[in-house]
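# From the sequence below, what's the structure:
(chains A and B)
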Number of protein chains: 2
Amino acid sequence: MKITNNGITSPKGFKAAGEHAGIKKAKKDLGIIYSEKPALCSAVFTKNVVKAAPLQLALKVLSENSYISAIAINSGNANACTGEQGYKDAVDTSKTLADCLGLKENEVLVSSTGVIGQLLDRDKIINGVKNTCKKLSSSQEAANDCANAIMTTDTIPKQITVETEIGGKTVIVSGIAKGSGMIHPNMATMLGFLTTDAAITKDMLDKAFKSRIDDSFNMITVDGETSTNDTCLILANGMAENPLIDKENDDFKLFEQAVDTVVKYLAKQIVMDGEGATKFLEVNIKGTATTDDARVLCKSILNSQLVKTAFFGKDANWGRILSAMGASGVNFNPEKVKITFKNKIGSIDLFENGTPYNFDEDFALKILDEREIQIDVKLNEGGKEITGWGCDLSYDYVKINAEYRT
Amino acid sequence: MKITNNGITSPKGFKAAGEHAGIKKAKKDLGIIYSEKPALCSAVFTKNVVKAAPLQLALKVLSENSYISAIAINSGNANACTGEQGYKDAVDTSKTLADCLGLKENEVLVSSTGVIGQLLDRDKIINGVKNTCKKLSSSQEAANDCANAIMTTDTIPKQITVETEIGGKTVIVSGIAKGSGMIHPNMATMLGFLTTDAAITKDMLDKAFKSRIDDSFNMITVDGETSTNDTCLILANGMAENPLIDKENDDFKLFEQAVDTVVKYLAKQIVMDGEGATKFLEVNIKGTATTDDARVLCKSILNSQLVKTAFFGKDANWGRILSAMGASGVNFNPEKVKITFKNKIGSIDLFENGTPYNFDEDFALKILDEREIQIDVKLNEGGKEITGWGCDLSYDYVKINAEYRT
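Numbers count the residues shown, from 1 in each chain, chains lettered A, B, ... in the order given. Okay, here's the model as predicted:
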């Protein structure tokens, strides 16, 4: 498996573009992804009851047709909570995209991210789609432009490409994502788009994609918020001409591993670029009775404001971790819990058998002074485990989000 | 009903004291409440699986005996996650308190708040209890000292006294509380202690107290954290000599109303004094199918970091409110939701029938510039409603909690 920083035009038959349509003041705000051959689409959407217009449309399109040829994604405006007019705007954007590329309406999707509750500027988005379609290219530059165009408060574009060999053919899986705030374990990324030239059936594509989402995007959190627009999807156009993956064989596992590498990388990148984050936290929960227990405990720790501010303050406040676990609703015996912090500096045990260690605060501070910190929690209640990722809560998170809309 | 700012020594037969035992550097850190006659005790504790040593002991004592004569409360150290030694410290503190006042061990309680995971300084707490017992007095000054002694990062002591007439006798209910961070709807106050001279049976005391807690302390949130030490209890010593309240009659209602006034006042005071809070938010949810739905929606709004930072930023970002509701797990139709902000400046409708109003941003800013803001949300799904209280998320919350332990 070869991993590079290349973009979503890397798999065979994919083109992309990213332009400035005028929704944002100056930065790129409109990206398009295009596959020469109609591609099988597997998608996961927010579990928020309030779904933005483009998601409502996408759910309709994908219920009629599994093959998608193009997606237009705008940043700067989420087209969420915008009523009938918002839905009409999504439909019209979609029609424009289909017209420009000679496609049918049910072969394209639209996606939006940005501020909630404001109508899209119709002229800008529609002209933007027309102009951006003309720029579609298979170049890496075009892929980079697209990765940039979907960003909101992200500070860096997020993309990765994985190359693997399946049945003697090179199969490529690429992905881009945008994150920042509003990142939470119920379809966690704001937006993630994967392209692949793998030949695979719809069932196997769904299986590989959705299970890998559960352990990647759904195990990260920036602020515990589940947005109205969360979308993650993969397009598979089959142009690698590998033997069709139609069951859970070794070829399937190779493909799944490639997808796993892409989504875990993007998920971690989203957390590392979390709004105002100064710390990257990896929480390993081990020894729970069920995997669900492990997930809930992991997210409860990563979403705790008190835990997050403690890490921002470089404070080895393991008591807040135990308290967050206790408040999660999962039943466990605190006397059997062990808590350890570690990273490249070293490892320090803080709590075990119901009793705090009288640990070396100076050494703990050295560990906490690093950007990346691993928190290992063992419960001794069973054999299940999970890993999740999150960040601290800093002054800058408050600043960014107090000023986002106005 | 007469409401004053008097303290917990106001009901007949109660004494109090608050001293500096040396757990904190300079401020008062040890309070004692004493009733001349053994008082019926009704108590509510944290739902956190991780319960601090004094709570474990209190649960044991109250399972054996409903009559309590004295409580010692220390701030500065929560005696939580402290293992066997922590429990032994709670027992020994309790023994000291009983000895000093000529009581049995199962007639007294201890309570703690402060940093988690550090052992109490035994000498300081035991000598502190001995000294503080000597200062017990029925004066208002002693009551104030006790209200001060239970504070951690609170900026003001919180106390209230309500006087009512039941069966021709004056009955008094008083209360003190400490709050600040770690305030969340599962037994929300860190600590709350009520004293009353009402004559009432255990069943009726439990009924009045617990139902009023559900609509007051359990409907506030500062940061969504449920602490290991949350405790709220009431002592009723019967010395008012009112006709014994033994059923849900008019006398019961009068008593319940007095308790309601005390706990709602204290709950709101806790939120107003929330760590770093610059805004006091009252959320009224109306028209849900069930009261539980209303509770969940209300807390989901009040716990949303994005909602809280928007209010800190004086941003009329109603979309984040709708999004937080959508992520709560409650099923509702966003198209039927109406959102209104109001306070003494005026009222402004922001969203209705699935569509945002094109509202006057300047007027919205004037409303949001005030410290107190009311958020009315109507769902049109049924006839249930609830009110909850919370605060914004500011730079200072992060600062206070990044620096709390170290």
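
# how far away is the residue of chain A positioned farthest from its centre from chain B?
Most distant residue from the mean C-alpha position of chain A: A:Asn358, 39.0 Å away (C-alpha atoms, centre = their mean). Note on A:Asn358: its distance to chain B, by C-beta to the nearest C-beta, to the nearest Å, is 9 Å. C-beta here means a position set from N, CA and C on the backbone, and glycine is covered the same way.

# what do you get for A:Asn127?
23 Å.

# my guess is that residue contacts A:Ile23, does it?
No. A:Asn127 is not in contact with A:Ile23 according to C-beta atoms under 8 Å; the separation is 11.0 Å.

# quick one, which of those two is more surrounded?
The residue with more neighbours, out of A:Asn127 and A:Ile23, is A:Ile23; 21 against 15, by other C-beta atoms under 10 Å in any protein chain shown.

# Secondary structure class of A:Thr113, three-state.
Assigned by DSSP: H, G, I helix; E, B strand; the rest coil, the conformation of A:Thr113 is strand.

# Then A:Gly192?
Per three-state DSSP, A:Gly192 ends up strand.

# Touching, it and A:Ile176? I think so.
Yes. Contact criterion C-beta under 8 Å: A:Gly192 and A:Ile176 qualify, at 7.3 Å.

# Residues that sit against both of those two, list them.
A:Leu266 (C-beta atoms under 8 Å, 6 or more residues apart in numbering or on different chains).

# shaky segments in chain A?
Scanning chain A for pLDDT under 70 picks out A:180-189, A:222-225, A:401, A:403-406.

# what about the nearest residue to A:Ala402 once chain neighbours are set aside, how many residues close to it?
The shortest distance from A:Ala402 to any non-neighbouring residue, by C-beta to C-beta, 6 or more residues apart in numbering or on different chains, is to B:Gly313 (2.9 Å). For B:Gly313, the neighbour count with other C-beta under 10 Å is 21.

# my guess is B:Gly313 contacts B:Thr278, does it?
No. Counting by C-beta under 8 Å, B:Gly313 does not reach B:Thr278; the two are 10.2 Å apart.

# In chain A, what residue spans correspond to helices?
Using DSSP state H, the helices of chain A run over A:53-64, A:83-101, A:122-134, A:140-149, A:202-214, A:250-272, A:291-303, A:305-312, A:318-326, A:361-368, A:395-402.

# Show me what counts as buried in the longest one.
Looking back up the chat, that one is helix A:250-272. A:251-252, A:254-272 (16 or more other C-beta atoms under 10 Å in any protein chain shown).

# Same question for the second one.
The neighbour-count criterion (16+ other C-beta under 10 Å) identifies A:83, A:85-87, A:89-94, A:96-98, A:100-101 as the buried residues of helix A:83-101.

# What about chain B: which of these touch it?
Among the buried residues of helix A:83-101, the residues that sit close to chain B (C-beta under 8 Å from any C-beta of the partner chain) are A:83, A:85.

# from the buried residues of helix A:83-101, which single one is nearest B:Glu165?
Nearest to B:Glu165 among those is A:Gly83, at 54.6 Å by C-beta to C-beta.

# Could you pull up the residues touching the closest one?
B:335, B:353-356.

# which bits of the stretch 1-150 of chain A sit near chain B?
So the stretch 1-150 of chain A meets chain B at A:47-51, A:78, A:80-85, A:115-119 (C-beta under 8 Å from any C-beta).
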